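**Student:** okay, here's the prediction I keep looking at, along with the sequence it came from:
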Amino acid sequence: MSDAAARAGASTGASGAPEPPRRDPGPGPGKPPKRGPSRGILITIIGGLITAGIATGVVLPNIIGGGSGPASSEEPILAPLAPSDITAALPTLDPATSKAAVDDAKNCKVPLATVIVAQRPGGRGGGMVRIRSGTYVSPPIAVTNTPQRIAVPYPSPYPTGRGVLSLVGDADEVWMYLKPGWFVPTLKGAASINVHWTVGNPCG
């Protein structure tokens, strides 16, 4: 028998039929198949993106607001001015229209409210704004990178616990720090926001 015939005979079974090709038995029962490094990297990237998306959804709504409302569906809180800060806040008030509100605050009848106005950090906006709180309108405020604490009377009767604040003027990239904050990218005229507060003892 020739070498070619011997090799042909070795590749067939006893019946002369060709044997099926042999397959790799694999890792065996209980042993998971090996995954290539590319799949592991892909899973890590997707997991990181999901985590970042969740963090963004939780953090950003509490910081960044739109031009006509707060950053989230939550209505912002308008904070009271501490009685000990009234004297320091007087230069930010219009003396002609705030005397009654200042007297009420000093006599512990109705507190004044306070907000902080500033330009967005790193922004190149600026401009001039006023704060309208009910019938009261503040003196002009130059919007700068330095936060400015401004006192205002509450925009509606204090016991009601809610009202509307407005920014009036011509400015860009304005933050009004409430809780949550309110960001106005471009102000041409007026932008308003609903606010609420907790009614309590002004000097308690």
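**Tutor:** Thanks, I have the structure now.

**Student:** next secondary structure element downstream of the worst-scoring helix or strand of the chain on mean pLDDT?
**Tutor:** Here the helix or strand of the chain ranked lowest by mean pLDDT, DSSP states H and E is helix 37-59, holding a mean of 34. Next in sequence after helix 37-59, counting helices and strands by DSSP states H and E, comes strand 79-80.

**Student:** adjacent strands (with direction) for that next one?
**Tutor:** For strand 79-80, sheet partners with direction are given as strand 113-119 (antiparallel), following DSSP bridges.

**Student:** name the element A88 belongs to?
**Tutor:** Assessed by DSSP H and E, A88 sits inside helix 86-89.

**Student:** quick one: list the elements packing against that helix.
**Tutor:** In terms of contact count using 3 or more CB pairs under 8 Å, 6 or more residues apart in numbering; DSSP states H and E, helix 86-89 is assigned the packing partners helix 99-106, strand 148-152. C-betas here are computed from N, CA, C, even on glycine.

**Student:** tell me the buried residues in it?
**Tutor:** Residues 86, 89 are the ones in helix 86-89 that count as buried (16 or more other CB atoms under 10 Å).

**Student:** what do you get for stretch 186-193?
**Tutor:** When burial is assessed from 16+ other CB under 10 Å, stretch 186-193 yields the following buried residues: 187, 191, 193.

**Student:** now these as JSON lines including secondary structure and pLDDT?
**Tutor:** As requested, those are arranged in JSON lines below (DSSP: H, G, I helix; E, B strand; the rest coil; pLDDT from 0 to 100):
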{"residue": "L187", "secondary structure": "strand", "pLDDT": "95"}
{"residue": "A191", "secondary structure": "strand", "pLDDT": "96"}
{"residue": "I193", "secondary structure": "strand", "pLDDT": "96"}
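
**Student:** and of those, the nearest to P121?
**Tutor:** Distances from P121 to these, taken as CB to CB, are shortest for L187 (17.6 Å).

**Student:** just grab the bridge partners of that closest one for me.
**Tutor:** Following DSSP bridges, L187 is listed with bridge partners A171.

**Student:** where does R23 land on pLDDT?
**Tutor:** Reported pLDDT at R23 in the predicted model: 48.

**Student:** kindly report the same for D3.
**Tutor:** The predicted structure scores D3 at 48 on the pLDDT scale.

**Student:** now do the one 5 residues further on
**Tutor:** The predicted local distance difference test score for A8 is 42.

**Student:** what does I64 give?
**Tutor:** According to the prediction, I64 has pLDDT 34.

**Student:** ditto for P111
**Tutor:** Confidence at P111, expressed as pLDDT, is 96.

**Student:** number of nearby residues for it?
**Tutor:** Around P111 sit 26 other residues, with neighbours defined as other CB atoms under 10 Å.

**Student:** go through stretch 83-100 and flag the buried ones.
**Tutor:** Within stretch 83-100, the residues that qualify as buried by neighbour count (16+ other CB under 10 Å) are 83, 86, 89, 92-93, 98.
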